[in-house]
Each structure stands twice: as structure tokens, then as C-alpha cells.
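J.: have a look at this prediction, sequence included:
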Amino acid sequence: MEVTTVQEQSSSRRAVLLYCLITSMFVVGVLAPVYFSVPYLRVLKTVVLLVVVAQVGRLFVSALVSIPASHATPSFPSDDDELPTVSVVIPAYNEASVLEGTIDACRAVDYPEHKLEVVVCYEADSTDETAAIARRAAADDDRIVAVERDEPGGGKAKATNYALSYATGEIIASIDADHQFDPTALRRTVGWFEADDDIWCVKGRCYGRNPDDSLISLHATVERHVTERADLVARSLWNGFSIFGGGQAFFRRGVFERLGMFDESVLVEDIDMSTRIHLAGKEIVVDPSIITFEEHPATVTSWWSQRKRWARGWLQVSSRYLASVVTSPQLSWRKRLDGVYTFSNTLVLPFLVVGLPLPFIQLFLPVTSYVPYSQVIWTVLGAFPILTVLAVLLRDRREGLPHSRWEYAAAFTLGAYLILNSVVYIVAFIDEYVLRKPAVYVTTSRTDDTVSPTNAD
């Protein structure tokens, strides 16, 4: 897969006009019949409302389920010699601004030194100090192994797979180069694997640490809090279709022996592997008390490139696995329904663009949907994101996790941010299914980069 940077990406005026033209042609094609058929308009408004209710309502229900819940505390051997060996795998491409802090956090975890190794796989074509930092860390600490990858092609999956070939631990922790462990993370994770042999993956919480860098990093941080603390936790609590999307996850070594390595042909290898684990009849546990602190994009261009990569990757995985999830005998009815909802929602999301002009059409054609009290429902839906964000932040505050005052304020503007995020899905959909562009892995720049952007998930 080709790898490029944010700076190397270009958006010409002609390209922007092409995307606008394709989107406009679709919207006009769908909306044109409303001027000739009132029932058609009512059906359209009803469908849009129901899809939005399913999306926003699910998120709110997830908060209601996950926020008050008390999570089990896994037990682990009290004797350090009985703990399994752990390999932390870190792929790194131009990560000089964050890598040293990540390695220091690995050194500081509460885990026996003789049971821990850290494999830092740095790309040979990195143009900053990434290689020097990795080699220096390995020279200073026997637990750290610095591995150079010098081969064509790239992307996170390819780099991680290369690093895995050097990992020797019974448990594999895969983290992005900007993720810093909470000191208790590894011990708590190991407890889950000790508790149940059917648990093949444990997902912790990715906790944003740079909300004050910019408006875009602020809203990305708050969005991530809601996803990680509400949606993903709720999936695990109701035994649904859990996923380990994000920059950190923990696996039994046998996962890669049974299922193979991460798929290097898709843009979200984490969602792909999540699905493969479920289809194998095994479990993914989400524990929000297992924390790594991460950095979010601070510029619009960096955020756009990252989210478009995620969106297109989700579309790829949804197309690949939707039918398998429907028919798999390995999935419980809950996992099957949740998986079908997850992938169907991904594929449907870009089509909600037809709903944007509906308020303006209402001025000329004041037609209601078939859903009673639809205007009241729309008003209530507008409050759901605000309530969800505040519930997550207040729960964190009770548990001693810090949030800036601006994160509370962002609860009231998150709705507009989510609309912008849906635009990303429209562009990704056009790239994947209309223009059929080759998939390109665009790396994500860091806040403190001074030489070149970096690779993150």
C-alpha cells in the first residue's frame, strides 16, 4: 500500500468541484421527485429521521448502559513469576516528537522487568530522529528491542506485522507511537486473559491528552471520550459486537497463529481483525480502566486525512464482512444484530447527505413525516449528544480523570462537528465506490512536528 504524508496530499479546485458535482447529482436525483409526490417526501423524511434516531439514540442508550455500570476487576497472579511475558509492539515512522515519551511510559509500567519487552519497529525512510531515539533506547535498556524495517510498501498493518515477527511474549500489546501507558495497564490486562481462555483480545481506553491544542483537537478528544467510554464499553457490557478500534489493543499470541497477521490491504486493520476474532467464536473485552494517553490531530488537514482514512477503511470492512456476520453460526444473536447494525450504519451514513436540504424544502413544502411528533423528536435528538458528553465527563471526574473546562463547552458544539465528520464519509464513499481510487495510507502529523508529519492511527 502506498504511504504518503499530509503535506504531500493535494486538493485542487478541480477535485473539490468534482466531489461537489457527484454529491449534488446524487442529492438532486433523490430529491427531485419530492416536487411531484408528497407521499415520496413524507417517506424520505421518515427514513432520514429513523436513521438519525437509530444513530443518536443508540449512542445515548450506550451512555445510559455504560456510565452507571461498575466494571469487574480481573484477578491476576499475586506471584510475579506466574505472570505471562508481554511484548509491547510499537511501529514508528517519523515519530520523534512523541516516541521518547511513549518508550518512557513503557519503562514505567508496573510489571516485572524480566517479563516485559518493548519492540520498537522504526521505518528506515524516517526523516527525523525516530531511528536514533529507538536505537538509543535499546542501548540503554535490555527490555527494548529496536528493529529497522527497510522494505517497500507501508501502512500501520504492514509495520506492525513486521514488528510482530520479533515479539516473543505470550501477550502482545500493540500501541501507536503516541500512546503512553497508565502504569497499571498491563497488570489489569493480563488479569482478563487469566480469567477466560475465550478472551482473545482486550481493549482499553484511548484517552486524549491534547484538547487545548486547537478547536479540532478539542472536538476530536471529546468525540473519542464518548466513543471509548460509552459506545465501546456498552458493546462489551451487553455482549455485543465489540471492537478494538483505536491506537491500542492486547492479544493472546495465539490470535496471530490461528487467524494470521493484520490485513495489510485495508485501511482499518483493527476493525478487520476485530471481526475475524468474532467470526472465530472468540471474545473481545473492553475495559475502560486500562488507559493509554494519546494525541489527536490539531489541524484540520491532519484531522481530515486521518478521518477519511478511517471512514474509507470502515467502508471496506463493512462491504467485506456484512454478509458473513449475517450468516455466521459462531455469533450469538446479540453479536449478529449488533454487527449488522454496525456495518449497515457505516454503509448508510454517506446517504444522509440527502437530509441536509430537507429543512429548506420544508419552507416551500411543509410536509411532516409519518412519525408522530417528529418535530419534538428532532428537538430531543439535538439534546442527546450534549447529555451524553456531559455524562461521560462527569463520570470521569468522579473517577479522578481530568478534563479541561473547554471539553464541557464542546458538548454543545459536538453536533456540528459530527455533521462535519459525516461529510468525510461522503468523500470516502466517493473515493471507494464511485471513483475507485487506490487506497493510500496518509500518515497523521503531530502537534510538535517540526520536520515532517508522522504515522498514527
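T.: Happy to help now that I have it.
J.: so what's the residue count around Y341?
T.: Using other CB atoms under 10 Å, Y341 is surrounded by 16 other residues. For every residue, glycine as well, the C-beta is placed using N, CA and C.
J.: quick one, what contacts it?
T.: Contact partners of Y341, counting by CB atoms under 8 Å, 6 or more residues apart in numbering, are A54, R58, F241.
J.: that one sits in which helix or strand?
T.: Secondary structure from DSSP states H and E places Y341 in helix 333-348.
J.: just the buried residues of that helix, please?
T.: Buried positions in helix 333-348, judged by neighbour count with 16 or more other CB atoms under 10 Å: K335, R336, D338, G339, V340, Y341, T342, F343, S344, T346, L347.
J.: out of those, flag the one nearest to Y321.
T.: F343 (6.4 Å; CB to CB).
J.: so what pLDDT did the closest residue to that closest one other than its chain neighbours get?
T.: Nearest non-adjacent residue to F343, counting by CB to CB, 6 or more residues apart in numbering: S318, 3.9 Å away. pLDDT for S318: 97.
J.: contacts only, for S318.
T.: Neighbour list for S318: T342, F343, S344, T346, L347 [criterion: CB under 8 Å, 6+ apart].
J.: ok, these vs I361, which is closest?
T.: Closest approach to I361 among the contacts of S318 (CB to CB): L347, at 24.9 Å.
J.: about what we covered before: from the contacts of S318, which is closest to W304?
T.: Among the contacts of S318, and counting by CB to CB, the member closest to W304 is T346, at 18.3 Å.
J.: mind checking the pLDDT average for the longest strand belonging to the chain?
T.: Using DSSP state E, we find that the single longest strand of the chain is strand 283-294. Taken as a whole, strand 283-294 carries a mean pLDDT of 95.
J.: and it, which strands flank it?
T.: Strand 283-294 sits in its sheet next to strand 180-181 (antiparallel), strand 199-208 (parallel), going by DSSP bridges.
J.: gap between the helix or strand just after that strand and the chain center?
T.: Tracing the chain past strand 283-294, the next element assigned as helix or strand by DSSP H and E is helix 300-327. Centroid separation for helix 300-327 versus its chain: 10 Å, with CA atoms, centre = their mean, to the nearest Å.
J.: quick check, A234 in a strand?
T.: No: looking at A234 with DSSP: H, G, I helix; E, B strand; the rest coil, it is helix, so not inside a strand.
J.: I'd like to know how far it sits from G247.
T.: In this structure, A234 and G247 are 20 Å apart, going by CB to CB, to the nearest Å.
J.: what about these two, which has more around it?
T.: When neighbours are counted by other CB under 10 Å, A234 and G247 differ, and A234 comes out ahead with 23 against 19.
J.: which helix or which strand is home to the closest residue to the more buried one other than its chain neighbours?
T.: Using CB to CB, 6+ apart and skipping the chain neighbours, the partner closest in space to A234 is S62 (3.6 Å). Counting by DSSP H and E, the element that carries S62 is helix 38-66.
J.: next one: E223
T.: Going by DSSP H and E, E223 is in helix 215-226.
J.: just the C-alphas of that helix, formatted as CSV.
T.: Coordinates of each C-alpha in helix 215-226 appear next as CSV, following Å, rounded to 0.1, in the frame of the first residue of the first chain:
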residue,chain,number,x,y,z
LEU,A,215,-10.7,23.5,18.2
ILE,A,216,-10.3,20.5,16.1
SER,A,217,-8.2,18.6,18.7
LEU,A,218,-10.8,19.6,21.3
HIS,A,219,-13.7,18.1,19.5
ALA,A,220,-11.7,15.1,18.4
THR,A,221,-10.9,14.5,22.0
VAL,A,222,-14.5,14.8,23.2
GLU,A,223,-15.7,12.6,20.4
ARG,A,224,-13.1,9.9,21.4
HIS,A,225,-14.2,10.1,25.0
VAL,A,226,-17.8,9.4,24.0
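J.: in it, what counts as buried?
T.: So for helix 215-226, counting by 16+ other CB under 10 Å, buried means I216, S217, L218, H219, A220, T221, V222, E223, R224, H225, V226.
J.: can you add pLDDT and give those residues back as a markdown table?
T.: Formatted as a markdown table, the buried residues of helix 215-226 follow (pLDDT from 0 to 100):
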| residue | pLDDT |
| --- | --- |
| I216 | 96 |
| S217 | 96 |
| L218 | 97 |
| H219 | 97 |
| A220 | 96 |
| T221 | 97 |
| V222 | 97 |
| E223 | 96 |
| R224 | 95 |
| H225 | 96 |
| V226 | 95 |
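J.: in a markdown table: these, plus distance to M261.
T.: Output for the buried residues of helix 215-226, formatted as a markdown table (distance: CB to CB, whole Å):
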| residue | distance to M261 |
| --- | --- |
| I216 | 33 |
| S217 | 32 |
| L218 | 36 |
| H219 | 34 |
| A220 | 29 |
| T221 | 31 |
| V222 | 34 |
| E223 | 30 |
| R224 | 26 |
| H225 | 31 |
| V226 | 31 |
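J.: hmm, back to that, for the helix holding E223, what is the distance to the chain centroid?
T.: 12 Å.
J.: ranges for the strands of the chain?
T.: For the chain, the strands defined by DSSP E occupy 2-4, 86-92, 116-123, 144-149, 171-175, 180-181, 199-208, 248-252, 283-294, 440-442.
J.: for R307, find the nearest of the ones you listed.
T.: Checking those against R307 by CB to CB gives strand 440-442 as the closest, at 10.4 Å.
J.: what strands line up against the closest one, and which way round?
T.: In its sheet, and by DSSP bridges, strand 440-442 pairs with strand 2-4 (parallel).
J.: quick one, what contacts the residue nearest to A234?
T.: By CB under 8 Å, 6+ apart, the residues touching S62 are A230, D231, V233, A234, R235, T388.
J.: so which two of those residues are the farthest from each other?
T.: Using CB to CB, the contacts of S62 reach their maximum pairwise distance at R235 and T388, which is 15.1 Å.
J.: who touches the closest residue to Y433 other than its chain neighbours in this structure?
T.: The shortest distance from Y433 to any non-neighbouring residue, by CB to CB, 6+ apart, is to L315 (7.6 Å). L315 makes contact with T346, L347, Y425, A428, F429, E432, Y433, according to CB under 8 Å, 6+ apart.
J.: in stretch 21-32, what counts as buried?
T.: I22, T23, F26, V27, V30, L31.
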